[in-house]
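Participant: For reference, the sequence and a predicted model appear below.
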Amino acid sequence: MRQSRYFIQTMREIPSEAEVISHQLMLRAGMIKKVAAGIYDYLPLGLKVIRKVENIVRENMNKAGAIELLMSVVQPAELWQLSGRWNHFGKELLRFKDRGEREFCLGPTHEEVITDIVKSQVNSYKQMPVTLYQIQTKFRDEVRPRFGLMRGREFIMKDAYSFDIDDAGADISYQKMYDAYRAVFNACGLRHKVVDADTGSIGGSFSHEFMVLADTGEDAIMSCTKCDYSANIEKAVVVDSGEKETAELKPKEEVATQDKHTAVEVAEFLGVDIKHVPKTMIIRCEGVAYGKEEKTVFIACMVRGDHEVNLAKVKNILKAKSAEFAEHYEVQDMVGCAVGSLGPVNMPLKVYVDNALKYVSNIVIGANKEGYHIKNVNLERDAKIEGYFDIRNAIAGDKCPVCGAEYEETRGIEVGHIFKLGTKYSESMGAKALDKNGKNIPIVMGCYGIGIGRTAASAIEQNYDESGIIWSKAIAPFEVVVVPVNTNDEEVIKKADDIYESLLNMGVDVLIDDRNERAGVKFNDADLIGYPVRVSVGKKALAEGKVEVLIRRTKEVILIDAEGSVAEKIKEILDTKVL
RNA sequence: CGGGGCGUAGCGCAGGGGUAGCGCGCAUGUCUUGGGAACAUGAUGUCGCAGGUUCAAAUCCUGUCGCCCCGACCA
């Protein structure tokens, strides 16, 4: 490609809308343009990167035996009503009506559609296992889109779905995708980690997330310092361990605590260790099953003052559809006092207590009365509790559930997520097939997603410097840029052209910056856009019979002989020295 | 959805009742050519939108829309 006839507009200043580095650099490099909140155009340079990521994904999906198809973006409400998600998916599902007042949505994911397809096409175990995938634009009306391609409302996703006649088969299909995902992120040159994850609104029995490690990541990951165990903090198991305090149980005593409300304030005010000042929170759990009905229930959760409650865990314990902190007015209604004075004694709601509180005695709790706390409370003696549960976030230093070593916390960007769905959708939507015994049984499913744009963005989060992006060769918009330094020098132009043409013929994805600009402008653009290799053809070096090759990542400069097969030498450098 | 902030040229910003501004970028020319040169000339705006106040509104008032940031969701 000749840059003079291509379509690249770089920007010197950082657009004020961009907060994170990948967003800033993608805008400055002219790869994307914002259309609306969380909705972006992919400009030619950005699209090239997207396509490269897509192709890596496609290759690895095919290699794993998955088969590509393409489903509709617009989906009828009926399918979502069948699965039961029309009412549960929430506002993220963008709904609308056609001219005939029929209800539709923009596909945020395709379990319903794919299950409907398979239901109509697959009748026998002989047609399975089968894994189908597509690479397509999704729409989720995110509460808060941000960070450019990192969390868009409209985004490109690879989604795959596996179908097996039994659980054992489904596990094999799952494992194949797991391996393929590792291969994809390795091929993209991303340092990543696979972690245990919560299944969220997709549902299913277990799942793994693929996390690109980056400090700017939105997810907290707890990893064992010794073994392989890693989990999203939402999921990370906290091992119930500790030693019961042997302190003598003192009589409980109500104390005035003025306007002290938070655990920290109260602990300080009373001169008590924060560990002995648990916080009590009221949580609203929606969609809790009671026989055939679903109800909204409010519960009280207690964790140590220095711990944080984990709503995902609470949700799972209650088998609820959602768990959120109750609104202040709801707390007032339920308990009759404000948020800062809650406690388990005389609590009208069921009290779920974190395991860590098993081990402390003589604690301080809110009196459910404004301005008062109760000292020397011992839960088993003084309160009626539902039991002890793992309902808090893990923190660094907690013990690994697998080997007992300590957790450490890192941050990551979720670029892939795989779920073992089981029969959740096949049952609700009636996707069944005959097994070997001629019995009609629900198909066992898995689903598997990769955020394509997010993968590209996280590659930048992980690889940049003060001058710009550092693409890995696999997903760079161009592998090589050839820069004729002196555009008024015919010999330079000719040499640069030769090299460019030869590289092109050798199948290298190469751009020649043939603009009549000063060297600095072109160099800065090349650095910003982040081509892995820059070839500078300049008058001075050429006079000495040299052409300069710069490796973007290492800034290593290699002078190569300008005579002979220059392109081949560049190709060799590209193949051997560049990631 | 709650809290905070911002809407003026492609980008970054200033201005704050009386002619629409600056820097970068863009165009033309001269000159320059190994790390964002210089000079000259020039083009580009519903001052987010709608009402209102006023002789006069980018500016004041009311409403509205959009965007960004901080908290609960997800690829």
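Facilitator: It's in.
Participant: Now do the buried residues in stretch A:52-65.
Facilitator: For stretch A:52-65, a neighbour-count test (16 or more other Cβ atoms under 10 Å) marks A:52-54, A:56-58, A:60-61, A:64 as buried. Yep, even glycine has a C-beta here, placed from its N, CA and C like the rest.
Participant: Extract the C-alpha trace of it and format it as PDB.
Facilitator: Taking Å, rounded to 0.1, in the frame of the first residue of the first chain, the C-alpha atoms of stretch A:52-65 are listed here in PDB:
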ATOM      1  CA  LYS A  52      -6.000 -10.000  11.500                       C
ATOM      2  CA  VAL A  53      -7.300 -10.800  14.900                       C
ATOM      3  CA  GLU A  54     -10.400 -12.300  13.300                       C
ATOM      4  CA  ASN A  55      -8.300 -14.500  11.000                       C
ATOM      5  CA  ILE A  56      -6.200 -15.800  13.900                       C
ATOM      6  CA  VAL A  57      -9.400 -16.700  15.600                       C
ATOM      7  CA  ARG A  58     -10.900 -18.200  12.500                       C
ATOM      8  CA  GLU A  59      -7.900 -20.300  11.900                       C
ATOM      9  CA  ASN A  60      -7.800 -21.700  15.400                       C
ATOM     10  CA  MET A  61     -11.600 -22.300  15.400                       C
ATOM     11  CA  ASN A  62     -11.300 -24.300  12.200                       C
ATOM     12  CA  LYS A  63      -8.300 -26.100  13.500                       C
ATOM     13  CA  ALA A  64     -10.400 -27.200  16.500                       C
ATOM     14  CA  GLY A  65     -13.100 -28.500  14.200                       C
END
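Participant: if we can go back for a sec, check the buried residues of stretch A:52-65 against RNA strand B, which are close?
Facilitator: With the criterion set as Cβ under 7 Å from any atom of the strand, no member of these is near RNA strand B.
Participant: how about the helices of the stretch 301-450 of chain A, start to end?
Facilitator: A:311-318, A:328-335, A:379-382, A:424-428 (DSSP state H, counting those that start in this stretch).
Participant: If I average pLDDT within each of the ones you listed, which one is lowest?
Facilitator: Among the helices of the stretch 301-450 of chain A, helix A:328-335 carries the lowest mean pLDDT, at a mean of 81.
Participant: name the helices or strands packed onto that helix?
Facilitator: The contact analysis (3 or more Cβ pairs under 8 Å, 6 or more residues apart in numbering; DSSP states H and E) places helix A:328-335 against strand A:279-290.
Participant: so how far is the strand it packs on off the chain centroid?
Facilitator: A distance of 26 Å separates the centroid of the chain from that of strand A:279-290, by Cα atoms, centre = their mean, to the nearest Å.
Participant: Report the inter-axis angle for that strand versus helix A:311-318.
Facilitator: Relative orientation of strand A:279-290 and helix A:311-318, computed by axes from the mean of the first three to the mean of the last three Cα atoms, to 10 degrees: 40 degrees.
Participant: Check which helices and strands strand A:279-290 sits against.
Facilitator: With contacts taken as 3+ Cβ pairs under 8 Å, 6+ apart, strand A:279-290 sits against strand A:293-303, helix A:311-318, strand A:322-325, helix A:328-335.
Participant: Ok, which of the ones you listed comes nearest A:Glu427?
Facilitator: strand A:293-303 (17.2 Å; Cβ to Cβ).
Participant: and that closest one with RNA strand B, contact?
Facilitator: No: residues of strand A:293-303 are not located near RNA strand B by Cβ under 7 Å from any atom of the strand, the shortest gap being 13.8 Å.
Participant: helices or strands up against that strand?
Facilitator: strand A:279-290, helix A:311-318, strand A:350-354.
Participant: how about these, which one is nearest RNA strand B?
Facilitator: With distances scored as Cβ to the nearest atom of the strand, the stretch of those nearest to RNA strand B is helix A:311-318 (4.9 Å).
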